[in-house]
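1. Sharing a model prediction with you, sequence too.
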Amino acid sequence: MNARMTASVGDRLRDGDESALEETYRRLGPLVRDYVQRFVPRDDAEDIVQITFLELWRARKRYDPSRSLEGFVFGIARDRSIDHLRRRRHDVVDVDHLRNLIGDDGRELVERLVWAAEVRGALGELPEVQREALEMSYFDHRTQTEIAHQLGVPIGTVKARMARGMQRLASLIGGVEQL
């Protein structure tokens with residue numbers, strides 16, 4: 001999700017627009033679910049996701065639209081996951097497990113997930129041929145030769161699409177240092 005879209009959705013959310021909450025849930029819900037499932041039993045993850053978005057709605061006035069909406073949502077999810085783990089009195093919570101959830105400075109994992117959400121959002125803004133080549137390479141782990149064969153185009157075309165796509169991604173998410 002790029003900064004323009006985040007600010008727009010964040011402003012609408014803060015102003016009480018329910019469609020902004022729905023849009024945020026559509027875009028971030030699966031990522032939040034994946035994040036939460038790393039730390040809590042799968043059966044409990046969906047409940048925590050729902051609680052996260054309910055709390056997002058309740059806390060919308062505390063959200064600063066100039067900051068990352070993804071970071072705000074993942075922060076809520078992290079807190080609710082920790083609360084859930086603490087309530088499990090019959091189970092022993094592994095300290096290393098909790099440390100992985102929080103990260104060394106409390107933000108490390110959340111920042112990686114926010115970065116991933118931004119990249120996925122920016123991918124959605126690329127022309128289809130560029131997005132397709134990049135997704136096949138990075139998500140399907142295919143070589144450029146394999147991509148060219150599967151798409152039925154010359155390898156030079158694949159290389160050009162990927163190079164242009166990476167340049168466009170860098171401009172959409174504000175730099176190349178993390179790409």
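-> Looks like it arrived, so ask away.

2. close enough to count as contact, E132 and V153?
-> No: contact status for E132 versus V153: not in contact, 10.6 Å apart, counting by Cβ atoms under 8 Å. In short, each C-beta sits where N, CA and C put it, glycine included.

3. if I pick the residue nearest to S68 when sequence neighbours are not counted, what's in contact with it?
-> Closest residue in space to S68, ignoring its immediate chain neighbours: V114 at 5.7 Å, by Cβ to Cβ, 6 or more residues apart in numbering. Under the criterion of Cβ atoms under 8 Å, 6 or more residues apart in numbering, the neighbours of V114 are S68, E70, G71, F74.

4. and if we set it to 6 Å?
-> The contact partners of V114, by Cβ atoms under 6 Å, 6 or more residues apart in numbering, come to S68, E70, G71.

5. Spell out which helix or strand contains the most centrally placed residue in the chain, please.
-> Most central in the chain under Cα atoms, centre = their mean is A117, positioned 2.7 Å from the mean C-alpha point. Element membership of A117, judged by DSSP states H and E, is helix 108-123.

6. Please pull up the helix or strand immediately following that helix.
-> Assignment by DSSP H and E places the next element after helix 108-123 at helix 128-138.

7. and that next one, C-alpha only, in PDB?
-> This file holds the C-alpha atoms of helix 128-138, laid out as PDB (Å, rounded to 0.1, in the frame of the first residue of the first chain):
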ATOM      1  CA  GLU A 128       0.200  -6.400 -15.300                       C
ATOM      2  CA  VAL A 129       3.200  -7.600 -17.400                       C
ATOM      3  CA  GLN A 130       5.700  -6.100 -15.000                       C
ATOM      4  CA  ARG A 131       3.800  -7.300 -11.900                       C
ATOM      5  CA  GLU A 132       3.500 -10.800 -13.400                       C
ATOM      6  CA  ALA A 133       7.200 -11.100 -14.100                       C
ATOM      7  CA  LEU A 134       8.200  -9.900 -10.600                       C
ATOM      8  CA  GLU A 135       5.700 -12.100  -8.800                       C
ATOM      9  CA  MET A 136       6.800 -15.200 -10.800                       C
ATOM     10  CA  SER A 137      10.400 -14.400  -9.900                       C
ATOM     11  CA  TYR A 138      10.100 -13.400  -6.200                       C
END
